[in-house]
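> Below is the sequence, then the predicted model.
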Amino acid sequence: AQSVSQHNHHVILSEAASLELGCNYSYGGTVNLFWYVQYPGQHLQLLLKYFSGDPLVKGIKGFEAEFIKSKFSFNLRKPSVQWSDTAEYFCAVAQTGANNLFFGTGTRLTVIP
Amino acid sequence: KAGVTQTPRYLIKTRGQQVTLSCSPISGHRSVSWYQQTPGQGLQFLFEYFSETQRNKGNFPGRFSGRQFSNSRSEMNVSTLELGDSALYLCASSPQGAQINYGYTFGSGTRLTVV
């Protein structure tokens, strides 16, 4: 069965610090990869997604993620975080062609002004 | 255009009762998926409906069921509620249910508390 691991449960950073959130998945086939964000009191929103091609994917609000197939990883990065990035971040995986997502347990990011 | 609408937003039920949650997808979206979100487990897939047919089901007991109507609106039902069913239940819709790469749009969820 597929699984998604997000090793950091809670990350606390100061504004302007760089961010990297880890995501590893277990599935040997072709996958589609996603990062979603849930701001306090808001619904889940798609940050970025990877299907094929360039393994470095750029999303909204300056976020990017790199797919490393050999490591089964899809880590999320941002060079300089802002207070408004405080949110919960979820990595998700789907088999190519499937219509359900497997989510990680999420990483809560707190950015201190 | 209107987003995914879930009703009610909050619900408190007693153990043993049953509950029905509703989801109206974005107009034109035919696929509706349901997820359970809890602090310890994250988001777990419940089931997915497309054109009134359940196409996928997650690993939840039979107390969890759902259906989809001809207008794509969906309901999920939980019978014989247990304390562990307390969670945020999220609905997501997508335009082409066959492939996830079209992306989900999530609703704000229904917060169910079982006491």
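Good, I have the coordinates.

> count of neighbours near A:Glu88?
Neighbourhood size, A:Glu88 [other CB atoms under 10 Å in any protein chain shown]: 18. In this view, the C-beta of every residue, glycine as well, is placed from N, C-alpha and C.

> Skip the chain neighbours and tell me the closest residue to residue 89.
Chain wasn't specified; assuming chain A. Counting by CB to CB, 6 or more residues apart in numbering or on different chains, A:Thr107 is the residue found nearest to A:Tyr89 once chain neighbours are left out, at 5.0 Å.

> Wait, chain B was what I had in mind.
That would be B:Thr110: by CB to CB, 6+ apart, it lies 4.9 Å from B:Tyr89.

> what does B:Phe45 give?
B:Gly58 (4.0 Å).

> same deal with A:Cys23?
Excluding the flanking residues, the one nearest A:Cys23 by CB to CB, 6+ apart is A:Cys91, at 3.5 Å.

> doesn't that neighbour fall inside a strand?
Yes. Judged by DSSP: H, G, I helix; E, B strand; the rest coil, A:Cys91 forms part of a strand.

> Could you find the closest non-adjacent residue to residue 20?
Went with chain A since none was named. A:Arg77 (5.0 Å).

> that's the wrong chain, I meant chain B
B:Thr20 sits nearest to B:Asn77 (CB to CB, 6+ apart), 5.0 Å away.

> just checking, next helix/strand downstream of the one helix or strand the one you found maps to?
Assigned by DSSP states H and E, B:Asn77 falls within strand B:74-78. Once the chain leaves strand B:74-78, the next helix or strand it forms, by DSSP H and E, is strand B:87-94.

> any idea how far the very next helix or strand once past that next one is from the chain center?
Following strand B:87-94 in sequence order, the next helix or strand is strand B:105-106 (DSSP H and E). In terms of CA atoms, centre = their mean, to the nearest Å, the centre of strand B:105-106 is found 11 Å from the chain centre.

> in its sheet, what does strand B:105-106 sit against?
strand B:87-94 (antiparallel) (DSSP bridges).

> ok now the strand it pairs with, how far from the chain's centre?
The answer for strand B:87-94 is 5 Å, by CA atoms, centre = their mean.

> CA atoms of that strand as CSV?
C-alpha atoms of strand B:87-94 as CSV (Å, rounded to 0.1, in the frame of the first residue of the first chain):
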residue,chain,number,x,y,z
ALA,B,87,-12.8,14.7,12.9
LEU,B,88,-12.9,17.3,10.2
TYR,B,89,-14.6,15.7,7.1
LEU,B,90,-13.5,17.2,3.9
CYS,B,91,-15.1,17.1,0.5
ALA,B,92,-13.2,17.7,-2.7
SER,B,93,-14.4,18.0,-6.2
SER,B,94,-12.7,17.7,-9.6
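
> List of residues touching that strand?
Residues outside strand B:87-94 that contact it (CB atoms under 8 Å, 6 or more residues apart in numbering or on different chains): A:43-44, A:99, B:4, B:6, B:21, B:23, B:25-26, B:29, B:31-38, B:43, B:46, B:72, B:74, B:76, B:100, B:102-107, B:109-112.
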